[in-house]
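Engineer: kindly generate the corresponding structure for this input.
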Amino acid sequence: KRRLSPEEVALIESHDVPDIKFLKEPSRYYPVSGIGPVVGMTNIDNQGVSGIELMYNATLAGAPFTYTLEKDCRSSRFYITRETLIEGSRGQPITLTIDGVLQFLAYEELKDFARTMGASSASVLICDPTNGDILVMANYPDFNPNSTGSIIQEHTKNRIITDSYELGSVIKGFLALAALEEGKVTPLDMIDCENRKKTRIAGVPVSTTKENGIIPFEEVIRYSNNIGVAKVAQRLGTKLYDHYSRLGFGKKLGIFPGENPGSITPPARWSNASLISLSFGYEISSNLVQLAQAISIIAQDGYRVPLRLLKTDTVPTPEGPLYKPKTIRDIKDILQKTISKGAAVKARLNGYTVMGKTGTARLITNGRYDSTRHLFTFMSIVEKDSYKRVVVVSVKETTKRGLLASEIAAPLFERVAHKMLIHDKIIS
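Structural biologist: Residues are numbered from 1 along each chain as shown. Take a look at the predicted model:
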């Protein structure tokens, strides 16, 4: 038998049977709490079966050595000769970019918030956009890889990268980026939102949560008006698809097993409603790492610094610029005002610059959008002098009804961001 309990070992030793021998085997121990879905786990033979353990199993395990041994037949303790038949190789260590302390702090906030809100699941991702390091990847619920006796398979998934969803209005930040870059609009261009909640654009019904009249484009994003963004999308046409693709949506990052690349409906398959749907976050699905990578491009002034999970990887080389400096200045100003003057008041951090966008998206039940099931998302850039962090949070299906992401995802961000800033010793 393998993996004996201490009680079983004590029982066998108490009988002092000379023909029963113990063989010690190495096994993993994971000291950081709340990181199970990222690190993964090994089986009884120490072979990686999920997470980083699976992806880098060959590196960690090395190759076995094979020996022939001669030993004293009167004692099992003394070996006379040992000859190497097959030369193996020792396993190599790998170092994650995850900050263990910050991971724990973020996970504890996430767990407490998700339980309070009655969420079916929730996630937090924090990265440093200047070098691509992913500092936190926290999922709730998760699992403890040190206790694998009874595991719920669904809880072993790193949902931050294995699950993709239509994210809703959070995508409007990238529609704005595309429209500004293409010169189809300026922040102060007046957009007619028709002062009503329902209308038809190009024959397609469009609804929004709040009536707005003729307002500047920056306020269209600030108030997340679907009618306004749909009208701007009409000016972009297929260029909107090009920009979403340029930002990395629909493409794998290749940093974790089981990655879901998401999708963007290509122009060749567009219906009359596709361009409008794409303008406010439908017909485009993304995992949270792709979302973080996209907003990191804005944080890094138009350059893409590929996100990474391994410190042992080569330091990423920035790609770009993908966007003009004025475009980046304009979109940063719009996203900052979305927090400071918009609905996401609960995401404000006194003494720090926060740029971001919320998104409330309906989930699908039996092939139809369900008005009772939602995904709440918030993407953000936090800055103070030279300090920069990208924080993305997501909460799925809470028991609290009738709320928007500004009332669910934004408060979670605020709690996690405060812990992050204290941990990083960034004083306002």
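
Engineer: okay, now the unreliable bits of this structure?
Structural biologist: 73-80 (pLDDT under 70).

Engineer: can you give me the helices in it?
Structural biologist: Counting by DSSP state H, one finds helices in the chain at the ranges 6-15, 36-39, 51-55, 57-61, 100-117, 159-162, 172-181, 217-222, 226-236, 239-246, 274-279, 288-299, 325-340, 405-423.

Engineer: nearest to residue 364, out of those helices?
Structural biologist: helix 274-279 (13.4 Å; Cβ to Cβ). Using the backbone N, CA and C atoms, a C-beta is placed for each residue, glycine as well.

Engineer: contacting residues around the residue lying closest to residue 348 once chain neighbours are set aside?
Structural biologist: Spatially, and ignoring its direct neighbours in sequence, residue 348 is nearest to residue 339 (5.9 Å; Cβ to Cβ, 6 or more residues apart in numbering). Residue 339 makes contact with 345, 347-348, 354-356, 380 under the criterion Cβ atoms under 8 Å, 6 or more residues apart in numbering.

Engineer: which one of the residues you listed sits closest to residue 369?
Structural biologist: Using Cβ to Cβ, the contacts of residue 339 come closest to residue 369 at residue 356, 24.7 Å.

Engineer: okay, and the beta partners of the closest residue to that closest one other than its chain neighbours?
Structural biologist: In space, and not counting its chain neighbours, residue 356 is closest to residue 380: 3.4 Å by Cβ to Cβ, 6+ apart. Beta-bridge partners for residue 380, by DSSP bridges, are residue 356, residue 391.

Engineer: ok, residue 380 touching residue 347?
Structural biologist: Yes. If you go by Cβ atoms under 8 Å, residue 380 and residue 347 touch, sitting 6.7 Å apart.

Engineer: quick check: neighbours shared by these two?
Structural biologist: 339, 354, 356, 413.

Engineer: could the residues you listed be laid out in JSON lines, adding distance to residue 127?
Structural biologist: Shown next, in JSON lines, are these (distance: Cβ to Cβ, whole Å):
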{"residue": "339", "distance to residue 127": "19"}
{"residue": "354", "distance to residue 127": "16"}
{"residue": "356", "distance to residue 127": "14"}
{"residue": "413", "distance to residue 127": "14"}
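
Engineer: what residues are up against the residue lying closest to residue 411 once chain neighbours are set aside?
Structural biologist: Leaving aside its chain neighbours, residue 411 sits nearest to residue 346 (4.7 Å; criterion: Cβ to Cβ, 6+ apart). Listed by Cβ under 8 Å, 6+ apart, the contact set of residue 346 reads 406-407, 410-411, 414.

Engineer: need the phi and psi values for residue 324.
Structural biologist: phi -70, psi 150 (degrees, to the nearest 10).

Engineer: ok, now which ones touch it?
Structural biologist: 181, 302.

Engineer: give me that answer again for 7 Å
Structural biologist: By Cβ atoms under 7 Å, 6 or more residues apart in numbering, residue 324 lies in contact with residue 181.

Engineer: roughly how far apart are it and residue 183?
Structural biologist: Noted for residue 324: a distance of 10 Å to residue 183, by Cβ to Cβ, to the nearest Å.

Engineer: and the closest residue to residue 2 other than its chain neighbours, how many neighbours does it have?
Structural biologist: Leaving aside its sequence neighbours, residue 2 sits nearest to residue 44 (Cβ to Cβ, 6+ apart; 6.1 Å). For residue 44, the tally of surrounding residues (other Cβ atoms under 10 Å) stands at 10.

Engineer: and the closest residue to residue 32 other than its chain neighbours, how close does it get to residue 107?
Structural biologist: Of all residues not flanking residue 32 in the chain, residue 100 sits nearest, at 4.5 Å (Cβ to Cβ, 6+ apart). Counting by Cβ to Cβ, the gap from residue 100 to residue 107 is 11 Å.

Engineer: just to revisit the earlier point, ramachandran coordinates for the residue nearest to residue 2?
Structural biologist: In terms of degrees, to the nearest 10, the main-chain angles of residue 44 are phi -60, psi -20.

Engineer: how about the nearest residue to residue 57, chain neighbours excluded?
Structural biologist: That would be residue 48: by Cβ to Cβ, 6+ apart, it lies 3.6 Å from residue 57.

Engineer: need the contact list for that neighbour.
Structural biologist: Counting by Cβ under 7 Å, 6+ apart, the residues that residue 48 touches are 40, 42, 54, 57, 60.

Engineer: rerun that using 6 Å as the cut-off
Structural biologist: With contacts defined as Cβ atoms under 6 Å, 6 or more residues apart in numbering, the neighbours of residue 48 are 42, 54, 57.

Engineer: which residue, other than its chain neighbours, is closest to residue 378?
Structural biologist: residue 409 (3.8 Å).

Engineer: okay, now residue 251: neighbour count?
Structural biologist: So residue 251, with other Cβ under 10 Å, has 14 neighbours.

Engineer: can you check residue 168 too?
Structural biologist: Using other Cβ under 10 Å, residue 168 has 24 other residues around it.

Engineer: that one contacts residue 360, correct?
Structural biologist: Yes. Counting by Cβ atoms under 6 Å, residue 360 is a contact partner of residue 168 at 5.4 Å.

Engineer: residue 100 and residue 107 - which one has more neighbours?
Structural biologist: residue 107 (22 against 15).

Engineer: run a quick neighbour tally on the closest residue to the more buried one other than its chain neighbours.
Structural biologist: Closest residue to residue 107 apart from its sequence neighbours, by Cβ to Cβ, 6+ apart: residue 34 at 3.0 Å. A count of nearby residues for residue 34, using other Cβ under 10 Å, gives 23.

Engineer: cool, thanks, signing off.
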